[in-house]
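In: The following block contains a protein sequence and its predicted model.
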Amino acid sequence: MPDRLTPLEVSLLALDTAHTPSHVGTVDVFDVGGQEFDYQKLIALIRERIAFVPRYRQRVRSVPARLAGPVWVDDEDFDLTFHVRRSALPRPGTVEQLREFVGRVMARRMDRSRPLWEMYLVEGLEDNRFALVSKSHLSLVDGIDTVDIGQVLLDAQVAATAGPTRTWQPLPEPSSAELLASALWQSAQDPVLALENVRGAVTGALGVAVAVGEAVGGVGGALGELAASALRGGRPPADSPLTGPVSEQRRFATVAAPLANFRAVRVEHDHTVNDVVLAVIAGGLRSWLLTRGESLSSSSTLTALVPMSVTDDRGGEPTSLGCQVAPHLQTLPIGEPNPLVRLHQVAYGTRAHKDTGRSVAARTLSDIAGFAPTTLHALGVRVSTETVRKQHDLLVTNVPGPQIPLYAAGSDMLASYPVLPLSPGHLLAIGVTSYNEKVFFGLTADRDAINDLDVLAQCLQDALEELVDTTVRAAATRQPTRKASPAAQRAAAKKAAARAEAARQASAQKRAAVRKIAATAAEIGATGLTPRKASAATRTSKRTPRAAEPAKRAAPTPRTVKKAAATPPPRAPEWTAEAARPTQREDRG
């Protein structure tokens, strides 16, 4: 029998309304370069790779009397050209025009009678570029049987890798009697699963009541509030600037920044890139809300639902990618004016998840085969629908991708922006993807409630610059240290050795001079000569000294006698090295 939808997938289908379509999307921008890329080339590429995602050729079939959940059946009338469409912007198409196009496409629900996915080739972008805009229903991408189609279309080499060449033949669709018999048999074999299917349908019905109540108001509004309270665990909705009735229209904005800036902040302040991303979002939301006249105190916060990749199945969404996805409620300190303090507060909140030992490293996620961010974003949104009773203001998904260039049929992918859906009562969702040394933000908002989404995009850029400035100031306070080259180290060692040898020789000369002075003093002491005459006598011992002439002295007077009596007696001369040297007069004899 065909595969049956899980209770979660049943609720996702029920929550899919005109106000809250349940699909996730991606906007990939490519450079044409020397490779020609057109609609026929895209069709050929998808036809080769679609065998890797068989559910993209299946549709949803309901069971009679809804005695069990619907099943996946092959679409016998599958037409690839219906799902892959061609569009163009007025040349030269700008980024703003592409965003408007994405907002319109993502606001439309998909045809339930066909496989639940679409892709648009958008031509005419400036700088010789084109875009692929894809959207897939959340019930389609479960991470086990099927990944997102964007994960299998890209290659790490310019030359495309050929896919399976066998011809696809759809399986015959089961009859209503067969589906009914299968449902009754399954209910008898597994009553718990049957109860889960009923619970999923009831949860989806409550979600529909929320959307209807928001749109109609009055009695329907009261019903919507009651249903929303039930989904949130009986608690009334919080007064948040990011929650409210959701319209049928969407607005989309993008932000791109170098990954090196996030890494610089991470290294300087010893946190993770995910911490820096969340701190940037907190700072951007703070500045944006202030421009809207919102009153913020130092304790003002918002709560973001941030799906995290984990290693086990305790409350996580299972996948076939080597990890699972679990919900995490993260406080965003939008009232804190200091960007560095905001970063530390965000890191403190994520540390609780990291300390469990269940977290998956970003490098592990980026090494998943293909372009996994498209699948992981979808799984993150699926998790958010399971935790709707938990109070949160917005959804934030952050998925690291490969840091090497990827190609679609030889065309270089330059950017990849995630497009998240809005859940009932939430006006903003932010998806983040890192790819090829850049970080790409995709902002999805209600078109009527948030008409200044471009201002929020600019505020995110400003918040990142604030954090980068903290690293510049911190680096300026430190003395730069550079490791010398081996040649410089050898030269410095030689100089140090030469200085040590010179100091040793100077010390030896000083000791020799002291010994010589001591020997001279001993010789003079033995001959009884005066200090100066001792030196002269030592040098002119072979000469005959002249006879000293008697000095003529005057008769003493009373004044001279009195002066002589007052004069103290002369001190004995001290022996010094200077005194030991002969003067010119002594040399002449």
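Out: All right, it came through fine.
In: And the strands in the stretch 351-500 of the chain, which stretches?
Out: Ranges of strands in the stretch 351-500 of the chain, per DSSP state E, counting those that start in this stretch, are 394-400, 407-408, 411-419, 428-435, 438-446.
In: Which elements pack onto the last one?
Out: Where contact means 3 or more CB pairs under 8 Å, 6 or more residues apart in numbering; DSSP states H and E, strand 438-446 is packed against strand 250-258, helix 259-269, strand 411-419, strand 428-435, helix 453-476. For every residue, glycine as well, the C-beta is placed using N, CA and C.
In: ok, and what's touching it?
Out: By CB atoms under 8 Å, 6 or more residues apart in numbering, the surrounding residues in contact with strand 438-446 are 27, 106, 244, 246-247, 249-259, 262, 277, 415-422, 427-434, 453, 456-457, 460.
In: Tell me where the stretch 151-300 of the chain is predicted with low confidence.
Out: For the stretch 151-300 of the chain, residues meeting the criterion pLDDT under 70 lie at 161-165, 187-238.
In: Roughly how far does residue 491 sit from residue 497?
Out: With distances taken as CB to CB, to the nearest Å, residue 491 is found 11 Å from residue 497.
In: err, residue 302, not the other one
Out: Distance from residue 302 to residue 497, by CB to CB: 65 Å.
In: Below-threshold pLDDT in the chain: ranges please.
Out: In the chain, residues with pLDDT under 70: 1, 161-165, 187-238, 309-324, 353-372, 386-390, 478-484, 521, 525-589.
In: From the centroid of it, which residue is nearest?
Out: Nearest to the geometric centre of the chain sits residue 273, at 2.9 Å (CA atoms, centre = their mean).
In: which residues sit in contact with that one?
Out: 259, 262-263, 266, 362, 400, 434.
In: Just the buried residues of these.
Out: 259, 262, 266, 362, 400, 434 (16 or more other CB atoms under 10 Å).
In: now those as CSV including distance to residue 334?
Out: Formatted as CSV, the buried ones among the contacts of residue 273 follow (distance: CB to CB, whole Å):
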residue, distance to residue 334
259, 24
262, 20
266, 21
362, 25
400, 25
434, 24
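In: ok, these vs residue 409, which is closest?
Out: Of all those, residue 434 has the smallest distance to residue 409: 23.6 Å, by CB to CB.
In: Not counting residues beside it along the chain, what's closest to the closest one?
Out: residue 400 (4.9 Å; CB to CB, 6 or more residues apart in numbering).
In: Next: residue 157.
Out: residue 407 (6.8 Å).
In: Run through the bridge partners of the one you found.
Out: residue 155, residue 412 (DSSP bridges).
In: Would you check that it makes contact with residue 158?
Out: Yes: judged on CB atoms under 8 Å, residue 407 makes contact with residue 158 at a distance of 5.3 Å.
In: between these two, who's got more neighbours?
Out: residue 407 (20 against 14; other CB atoms under 10 Å).
In: list the contacts for that one?
Out: 154-158, 160, 413 are the contacts of residue 407 under CB under 8 Å, 6+ apart.
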